[in-house]
Each structure stands twice: as C-alpha cells, then as structure tokens.
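A.B. asks: Fold the following, please.
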Amino acid sequence: MNIPANTIQAVKADTKIHSELKTEFLKRYFRVVHGLFAVLLLIQFLPDKLTTETYVSYVIWFAVGVEIFTLILSGFIKKTASLNLFTDIVGFIYGLLIAWTLATAKFNLLKAALFPPPGKVFWQFISDYDKILVNIQSSVGIILQGYLLALAVAIPLGLFLGWSARLGSAATYISKFLGAIPPIVYIPYGIALLPTFRSVSVFVIFLATFWPVLAGTMSGVMNVEKKTIDSAKVLNVGKFTMMFSVILPASLQQIFIGCNQGLTVSFVLLTSAEMIGAQSGLGYYIKNYSDFGDYTRTIVGLIVVGIVIVIISFIFNSIQKYLLRWKQ
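C.D. replies: As a prediction, the model looks like this:
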C-alpha cells in the first residue's frame, strides 16, 4: 500500500511540531527552581529543634504561593533570558529559605532570639500588616515629595547652567563641593528651622537628590554632540524648543545616571533619618523594635525595606528604559 507523499510530509510536520512543543514545555516547566521548591517543602516536615513555635505552615503557604506565581508567569515570559533571570531569582529565594530554615528551626545553629525561623517572620508580617502599610506610605510619601521636588528644580536649572559653557564649568565644581557634604549633617539645622520632622526628612531627600541630578544634567547638556545642535539651528528652532525638544532628550542618559544616584542615596538617608527622630516610617519601625530587642519585627522591617526599594527601582528602570528606547 503506497502512502501519498503529502500525507507523509504532514505526519512528519505534525511530529516535529509536537516534538518542539514538548521541548518548549520541558524548558519552561522542568527547571532546577522547581526542585528547590520540592526540597523546601520536604524539609518543613523534619522535626524542629526549637522549643518555641516555628509557624511552619506560613513557610509552606508562602512557598506554594510563589511556586504557583512562578508557574503562571513562566507561561507568559517569552524571552529565554528574561525567564532565566526570573527563575534564578525565585531559586535564590528558595535556597535562602532552605538554609534559613535548616540553620534555625531544624538544627538550631543560630541564636533564636536574634535569628527567628522564617515561619515566625512571615507570621509577624501578617500580624503587623496594617502597621507596616502605614509606615510604607509614610516613607514612600517622603521619598516622592523630596525626590520629585529635587527633579523639578535640578533638571531645568541644570539645562540652563549647562547651556552656558562658562556658567556650567563653574557650577560643576560648586555642585561637586556641595554634593560631597552628606545631607544627613543638615538634619540638626532642619530640626531647628523647619516645623515638623517630616519636612526635615523631605528636605534631606531633596538635598540628596538635587546635587547628583544637577551634576548629571549639566554634564549631559555640555556633552551633547555639536552636530545635533547645529542640525537644530539649521531648522531655526526657538530657544525653548532647542532646550526641551533637542537638548533635554539628548541629555537624558546622563540625567538618569544622576537620578539613579539620588534615588539610591535617598533610601539610605531616609532610613537613617527615620531612625533618629521620626514617629513613623520603615526606619522608625526597625529602630523602635530593635531597641526593645524584638528582632523578629526588626527582620520584618529589613525585608520590607528591601522589597520597597526593589519595587521602586523596577518602576524607575522601566520609566528609564521607555524614555531611552530610541537609544536602542
């Protein structure tokens, strides 16, 4: 019996498609990260050496939630590099939880008062959820106020100073000098002059952001390619259009470098400032409970600070990538 050639080709094509789909499925869903998830679950059933409650169920629910999220997102991430990065991050979290659980609840290698088991930290986070949200809102609000105010002042001023070669050169050295002074030293003056500690914190964040953004903006303006400016002049563009439609976009890369520096320093300074005299905020939350020796809540605060910084940095980097998409 002779089988038509087109039927054979169709069967081969169908077999190839099934093989490719199977390979793609295995690449996406059979990864080391899922093995680490299984290990994390299994060690939760080992006997505890701690006499206090370890809240094992909280670790299990957290791990299951992360794993479900990972499996769902694995089906939507198209780029292999992005999928690898995502699963590597999740794998690191699983690995950290495995080591943390073994060193605390299961083998009691670390002092329990200083290093509580992860389940207890998750339990404490849920218990203090409302309180943590209030402190996040306080800290993020201060960051946004001081940071955005600094951008609103530093970028236009940097464009103006950088456009003038003479003013720009002098202002560069002045900004380097004033920017080298840690903004936290102005806190005593701010407390004496400003009405509330919140306004002092906003002022400190403003200073932390202003100088690097000003320096980055001036540097960007002064290093714009001459042919770009000459091309704009040929078109007889006005000063306003030249400044904000030609010079500003060409300077964005340097401006974002200053913005990144300001954002990083702002988080450090805000946490430090809140530890000194604030009555709210993540820094206050950490300092307040560490003073009472409550290291479970201290670790909760540290983790929340890290999560908030990562989220804000991700949003900032997404905005930067979007505005600089023409560079790619």
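A.B. asks: List the buried residues of stretch 42-56.
C.D. replies: Residues of stretch 42-56 classed as buried by neighbour count (16 or more other C-beta atoms under 10 Å): 43, 44, 48, 54, 55, 56. (Each C-beta comes from the backbone N, C-alpha and C, glycine too.)
A.B. asks: What are the contacting residues of that stretch?
C.D. replies: For stretch 42-56, the surrounding residues in contact (C-beta atoms under 8 Å, 6 or more residues apart in numbering) are 59-60, 98, 101-102, 104-108, 112, 117, 119-120, 122-123.
A.B. asks: So what's the gap between stretch 315-328 and the chain middle?
C.D. replies: 15 Å (C-alpha atoms, centre = their mean, to the nearest Å).
A.B. asks: can you check stretch 273-282 too?
C.D. replies: Per C-alpha atoms, centre = their mean, the centroid offset for stretch 273-282 relative to its chain is 21 Å.
A.B. asks: what's the average pLDDT for stretch 172-180?
C.D. replies: Here stretch 172-180 scores 83 as its mean pLDDT.
A.B. asks: what comes into contact with it?
C.D. replies: Residues from elsewhere that reach stretch 172-180, judged by C-beta under 8 Å, 6+ apart: 211, 212, 214, 215, 218, 219.
A.B. asks: Let's see which of the residues you listed end up in helices.
C.D. replies: 211, 212, 214, 215, 218, 219 (DSSP state H).
A.B. asks: Select from the residues you listed the one having the most neighbours.
C.D. replies: The member of the ones in helices among the contacts of stretch 172-180 that has the most neighbours, counting by other C-beta atoms under 10 Å, is residue 218 with 29 neighbours.
A.B. asks: ok, that residue - contacts?
C.D. replies: Residue 218 neighbours (C-beta under 8 Å, 6+ apart): 158, 161, 162, 168, 171, 172, 175.
A.B. asks: what about it, distance to residue 168?
C.D. replies: Distance of residue 218 to residue 168, given as C-beta to C-beta, to the nearest Å: 5 Å.
A.B. asks: Now do the shared contacts for those two.
C.D. replies: The contact lists of residue 218 and residue 168 share 161, 162, where a contact means C-beta under 8 Å, 6+ apart.
A.B. asks: I'd guessed residue 313 sits against residue 266; true?
C.D. replies: No: applying C-beta atoms under 8 Å as the test, residue 313 and residue 266 come out as separate, 11.4 Å apart.
A.B. asks: Which helix or strand lies directly C-terminal to the lengthiest helix in the chain?
C.D. replies: Using DSSP H to define each element, the chain has its longest helix at helix 129-163. Where DSSP states H and E defines the elements, the next helix or strand beyond helix 129-163 is helix 165-179.
A.B. asks: what packs against the helix or strand following that next one?
C.D. replies: Downstream of helix 165-179, the next assigned helix or strand under DSSP H and E is helix 187-193. Secondary-structure packing of helix 187-193 (3 or more C-beta pairs under 8 Å, 6 or more residues apart in numbering; DSSP states H and E): helix 197-222, helix 248-277.
A.B. asks: Out of those helices, which gets the lowest mean score?
C.D. replies: helix 248-277 - the lowest mean pLDDT of the helices and strands packed on helix 187-193, at a mean of 86.
A.B. asks: now the angle between helix 165-179 and that helix, please.
C.D. replies: Angle, helix 248-277 to helix 165-179, by axes from the mean of the first three to the mean of the last three C-alpha atoms, to 10 degrees: 20 degrees.
A.B. asks: In helix 248-277, which residues are buried?
C.D. replies: If you call a residue buried by 16+ other C-beta under 10 Å, then helix 248-277 has these buried ones: 248-252, 254-263, 265-267, 269-276.
A.B. asks: Show me how this structure divides into domains.
C.D. replies: Split into domains by automatic domain parsing, the chain comes to 31-113, 128-327.
A.B. asks: rank those by mean pLDDT and give me the bottom one.
C.D. replies: Mean pLDDT, when computed for each of those, is lowest for domain 128-327, at a mean of 87.
A.B. asks: and residue 131, what is it in contact with?
C.D. replies: For residue 131, the contact set (C-beta under 8 Å, 6+ apart) comprises residue 285.
A.B. asks: do you know how far it is from residue 185?
C.D. replies: Distance of residue 131 to residue 185, computed by C-beta to C-beta: 31 Å.
A.B. asks: Could you pull up phi and psi at residue 32?
C.D. replies: phi -60, psi -30 (degrees, to the nearest 10).
A.B. asks: Next up, the contacts around it.
C.D. replies: If a contact means C-beta under 8 Å, 6+ apart, then residue 32 has 87, 91 as its contacts.
A.B. asks: Can you give me the neighbour number for residue 133?
C.D. replies: Residues lying near residue 133 (other C-beta under 10 Å) number 11.
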